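**Q** Okay, sequence plus prediction incoming.
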Amino acid sequence: MSVPPWVVWRNRGAKRARTAREEFGLEAAAPLDCLLGIVDERAELPVVIGRLRADVDGACTDVAGGRMLWVNSQQALVRQRFTLAHELGHVRVPHDGAMILDTYETLAGRSTDQREVEANAFAAEFLIPKVTMEELEPEPDLDGLVTVAARFGTSASMTLYRFSGCKRISVGRLEELKAQIEADEHHAAHKRLELMAIDDRLAGLEFGGSYVSGSLDGTHLAAAVRGEAAMTPELAVAVRGLLT
């Protein structure tokens, strides 16, 4: 019996994530506190965070002769973290240098594009490794789910589907928790449990902040993103469809 291609793609993305953790000197099962620092300093990839077009969560582009990762700062911390991990996946799998614009639909796993399936699998494994999932208690209730999500800096929905993908939850409990999340009960649980947000520099860039990697200092791109210079025609073409 042949293996469906999407299974192969998911396995490839997850394997690349485990390799990346090892190469970056990260513990195999540990939460990643400052994901921005890891990508910027250990992966040595330039990152631009700012007000992107409203329907774009992030992107992986070829600009200024190299790969560059973009994240929309008009999103919550947990969504920015998944987006950044997803864009890192495009580089590490690796995928070609053609501009890849990622939307909510893409990051929610609704795309059947091989590149997006692989990048989503990379992000899920990079943020919450399977080895960690195997150590957690199965069948979590809502409090247990949001506690794990807070520990790893992920959304309740992404964490729930991680339990599902790693076969640590029954269909019945999965549907029950999905309904609770859709009713926004996870926000009340997070507040009641007094859970702290993960210590990521991305937290200071939520809802409109901006950041440009130090490696880009002195470039026209950095000045344009910071609003200190106008876009040149060439730069506008390179980042077409990204900036507001």
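**A** Cool, got the structure.
**Q** Give me the contact list for the longest helix seen in the chain.
**A** Counting by DSSP state H, the longest helix found in the chain is helix 5-23. Helix 5-23 has contacts (CB atoms under 8 Å, 6 or more residues apart in numbering) with 27-28, 43, 88-89, 92-93, 112, 114, 117-126, 129-130. C-beta: built from backbone N, CA, C; applies to glycine.
**Q** Strands of this protein, start to end?
**A** Ranges of strands in the chain, per DSSP state E, are 47-50, 58-63, 66-72, 100-102, 211-212.
**Q** Neighbours of residue 60, how many?
**A** Residues near residue 60, counting by other CB atoms under 10 Å, number 25.
**Q** OK, contacts around it?
**A** Contacts of residue 60 by CB under 8 Å, 6+ apart are 67-70, 87, 90-91, 95, 99-100, 102.
**Q** For this structure, which segments count as helices?
**A** Counting by DSSP H, the helices of the chain are 5-23, 35-37, 77-92, 104-107, 114-127, 130-133, 142-152, 156-165, 171-182, 185-192, 220-225, 233-238.
**Q** before we move on, the earlier item: report the buried residues of the longest helix of the chain.
**A** Residues of helix 5-23 classed as buried: 9-10, 12-14, 16-18, 20-21 (neighbour count, 16 or more other CB atoms under 10 Å).
**Q** What angle do helix 156-165 and that helix make with each other?
**A** If you take axes from the mean of the first three to the mean of the last three CA atoms, to 10 degrees, helix 5-23 sits at 110 degrees to helix 156-165.
**Q** Using PDB, write down the CA coordinates of helix 5-23.
**A** In PDB, the C-alpha atoms belonging to helix 5-23 read as follows (Å, rounded to 0.1, in the frame of the first residue of the first chain):
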ATOM      1  CA  PRO A   5       2.300  12.100  -0.500                       C
ATOM      2  CA  TRP A   6       1.200  14.500   2.300                       C
ATOM      3  CA  VAL A   7       2.500  12.000   4.800                       C
ATOM      4  CA  VAL A   8       5.900  12.000   3.100                       C
ATOM      5  CA  TRP A   9       5.800  15.800   3.100                       C
ATOM      6  CA  ARG A  10       4.900  16.100   6.800                       C
ATOM      7  CA  ASN A  11       7.600  13.600   7.700                       C
ATOM      8  CA  ARG A  12      10.200  15.500   5.700                       C
ATOM      9  CA  GLY A  13       9.200  18.800   7.400                       C
ATOM     10  CA  ALA A  14       9.400  17.300  10.900                       C
ATOM     11  CA  LYS A  15      12.700  15.700  10.200                       C
ATOM     12  CA  ARG A  16      14.200  19.000   9.000                       C
ATOM     13  CA  ALA A  17      12.900  20.600  12.200                       C
ATOM     14  CA  ARG A  18      14.700  18.000  14.400                       C
ATOM     15  CA  THR A  19      17.900  18.500  12.400                       C
ATOM     16  CA  ALA A  20      17.600  22.300  12.800                       C
ATOM     17  CA  ARG A  21      17.200  22.000  16.600                       C
ATOM     18  CA  GLU A  22      20.300  19.900  16.700                       C
ATOM     19  CA  GLU A  23      22.400  22.200  14.500                       C
END
